[in-house]
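*Asks:* when you get a sec, could you give me coordinates for this:
(one chain, ligands or ions: 1)
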Amino acid sequence: MINKKEKFQIIAKTFMGLENVLAKELIDIGATDIEILKRAVGFKGTNALIYKANYLCRTALRILKPIANFEVNDEDELYEQIGKILWWEYMNVEDTFAVDSVVSYSNLNHSKYVALKTKDAIVDLFRNKFKKRPSVNTENPVLRINIHIFRNNCTVSLDSSGDSLHKRGYRKSGGLAPINEVLSAGLILLSGWKKDCNFIDPMCGSGTILIEAALYANNIPSGYYRKNFAFEKWKDFDKYVWEQIKKEVLLKEDEFKYKIIGTDISKYAIKNAIENIRFAKLHKDIELNSDSIEYFNPPEGQGIMITNPPYGERLNTDNIIELYKLIGDTLKNKYTGYTAWIISGDLNALKFIGLRPSRKIQVYNGKLECKFAKFEIYKGSKKKLLPQS
Ligand SMILES: C[S@@+](CC[C@H](N)C(=O)[O-])C[C@H]1O[C@@H](n2cnc3c(N)ncnc32)[C@H](O)[C@@H]1O
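*Replies:* This is a model prediction of the structure:
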C-alpha cells in the first residue's frame, strides 16, 4: 500500500539566476530539504506537493519526480538499467509514452540516441512480460519520461508537468519578442515588490510582465489557465487531492488595491496585449495606453517599474543608444519616487540610461546573458548623472 504522506526527492527546473526565488516559492508551499542546483532546485515532498508546485510556482519550468539513479558508462548499461525499472507501476501496456533526454559531460553524448535506447528498453520489457508493447507519442503521451545524464550519472524521472510551465495558457498573441512568462515572474519576485504600490511597464509589448504582475498581485496561481498537467494522467493520480488544492488556492485570491499600467509605442503590440489580457480576464486589473515612453505619465508617488526594452535584435546600435538615453531621461523626469528595473542583454546600451544602478542581477533570457538593473529615482537623480561614454 502506498503511503501518500511519505516524502521523496523532487526536482524543479528553472532558468539560471532564478534558483533562489524558486526555492523561496517552494518553501512557501511546504517543500523541505531544499537544495539549490544549477538551473534547478531539489526538495522533498509528496505527490500533493508536486501538484501544488506545478500549479503555484511561478518560476518553475518543469517538476520532475526521480524514480531511479545509476551510473552509466555505455549504451548497454543504459539499456540494462532502464530495463530494471518496474515500468508497469507507472504505465499500462496500452498507454503511450515519450522520452526526453539531456546529456552532458558523459561517455554517452547524444541525447537523441539516449532517448531511443531508453525507449527500446521499455518497449522490450513490456513485450517480454505482456507480449504487447506500448506506443510512443511525443506530442501527448500518457507518461512523459525524463533522462538526465551528467558525468555518467543517470537520473530517470517522471515529468509531472508535460508542456513547459511557461506555457501558462493565457497567451493568445505572441507579438514580436515576448519575454518568457517564467522569466517575467522571476523578475517580479527578484525585484522584491511587496504589492504595496503601482506597477508600470512602459514598453509592455504583448503584456507578459503586466499579466504576471497582475497574477502575483491578486494571488492567482500561475497554472490557473492551463488546461492540463502531465501528472493528471499518472496511474496514482489523486483527483480528490488535486481538486482540494485548487479550491483552497482560490480562497486565497487577493484584491490588489493599486494600479497596474502598461504602454507601448507599437499599436500592434498593444493589440496583442489587449488580446492576452482579455483572455486572462485581467482587463479590469490592467490599464493600457499606446504612447511612447516619453509621453506616458505614470501615477505620481511611489511605484515600481519593470521593463524589457528592445536590445539589439531589430534596431541598429545608434538607435538603441538613443532609446536607452530616452528611457533614462524619462525616468529622471517622470518617475520620481519610483524604483525602476530594466532587463537588458545589451550591457553597453544600459550605460546610456545615465543613472547609477543600485543593484545588478545576472539573469538569462534563453541563452542570452542579461543584466536586471535597479535604479532608484528620487528628486536628486537628475544631478547624479553618469558620464555617457
Ligand atoms: C522586447 S519588447 C517587449 C516584450 C514584452 N515584454 C512582451 O512580453 O511582449 C520591447 C518593446 O518595446 C517597445 N518600444 C520600443 N520603443 C519604445 C518607446 N519609445 N516607447 C514605448 N515602447 C517602445 C516595442 O514596441 C516592443 O514592444
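*Asks:* buried residues in stretch 255-263?
*Replies:* Judged by neighbour count using 16 or more other Cβ atoms under 10 Å, the buried positions of stretch 255-263 are Phe256, Tyr258, Ile260, Ile261, Gly262, Thr263. C-beta: built from backbone N, CA, C; applies to glycine.
*Asks:* for stretch 55-72, that is, sorry about that
*Replies:* Going by neighbour count (16+ other Cβ under 10 Å), the buried part of stretch 55-72 is 55-67, 70, 72.
*Asks:* and of these, the nearest to the ligand?
*Replies:* The closest of the buried residues of stretch 55-72 to the ligand turns out to be Arg58 (Cβ to the nearest ligand atom; 15.0 Å).
*Asks:* does the residue nearest to the closest one when sequence neighbours are not counted count as helix, strand or coil?
*Replies:* For Arg58, ignoring the flanking residues on the chain, the nearest one in space by Cβ to Cβ, 6 or more residues apart in numbering is Ala185 at 3.6 Å. Reducing the assignment at Ala185 to three states with DSSP: H, G, I helix; E, B strand; the rest coil gives helix.
*Asks:* phi and psi next, for the residue in the stretch 51-200 of the chain that the ligand sits nearest to.
*Replies:* Using Cβ to the nearest ligand atom, the closest approach of the stretch 51-200 of the chain to the ligand is made by Pro178 at 3.7 Å. The main-chain torsion angles of Pro178 are listed as degrees, to the nearest 10 and equal phi -70, psi 140.
*Asks:* could you pull out the helices for this protein?
*Replies:* Per DSSP state H, the chain carries helices over the ranges 19-28, 47-56, 75-82, 111-130, 181-191, 208-217, 239-251, 267-279, 317-334, 347-351.
*Asks:* mind putting those helices into TSV with distance to Ala40 and mean pLDDT?
*Replies:* Listed next are the helices of the chain as TSV, based on distance: least, Cβ to Cβ, whole Å; pLDDT from 0 to 100:
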stretch	distance to Ala40	mean pLDDT
helix 19-28	7	98
helix 47-56	12	98
helix 75-82	22	98
helix 111-130	17	97
helix 181-191	13	98
helix 208-217	21	98
helix 239-251	23	95
helix 267-279	28	95
helix 317-334	33	92
helix 347-351	26	93
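*Asks:* tabulate the ones you listed in CSV, adding columns for distance to the ligand.
*Replies:* Compiled in CSV, the helices of the chain are given as follows (distance: least, Cβ to the nearest ligand atom, whole Å):
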stretch, distance to the ligand
helix 19-28, 18
helix 47-56, 22
helix 75-82, 40
helix 111-130, 29
helix 181-191, 7
helix 208-217, 3
helix 239-251, 25
helix 267-279, 4
helix 317-334, 6
helix 347-351, 12
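*Asks:* pretty sure the residue nearest to Arg58 contacts Ala60?
*Replies:* No - under the criterion of Cβ atoms under 8 Å, Ala185 is not in contact with Ala60, lying 9.6 Å apart.
*Asks:* need the overlap of contacts for those two.
*Replies:* Applying Cβ atoms under 8 Å, 6 or more residues apart in numbering, one finds that no residue jointly contacts Ala185 and Ala60.
*Asks:* for the ligand, what are the nearby residues on the stretch 251-389 of the chain?
*Replies:* For the stretch 251-389 of the chain, the residues in contact with the ligand under the definition Cβ under 6 Å from any ligand atom are Asp264, Ile265, Ser266, Ala269, Ser292, Ile293, Asn308, Pro309, Pro310, Leu323.
*Asks:* for the ligand, what's the nearest residue on the stretch 201-350 of the chain?
*Replies:* With distances taken as Cβ to the nearest ligand atom, the stretch 201-350 of the chain approaches the ligand most closely at Gly205, which sits 2.6 Å away.
*Asks:* burial measure for the residue lying closest to Tyr216 once chain neighbours are set aside, as a count.
*Replies:* For Tyr216, the nearest residue in space outside its immediate sequence neighbours is Ile188; the separation is 5.7 Å by Cβ to Cβ, 6+ apart. Residues within reach of Ile188, counting by other Cβ atoms under 10 Å, total 24.
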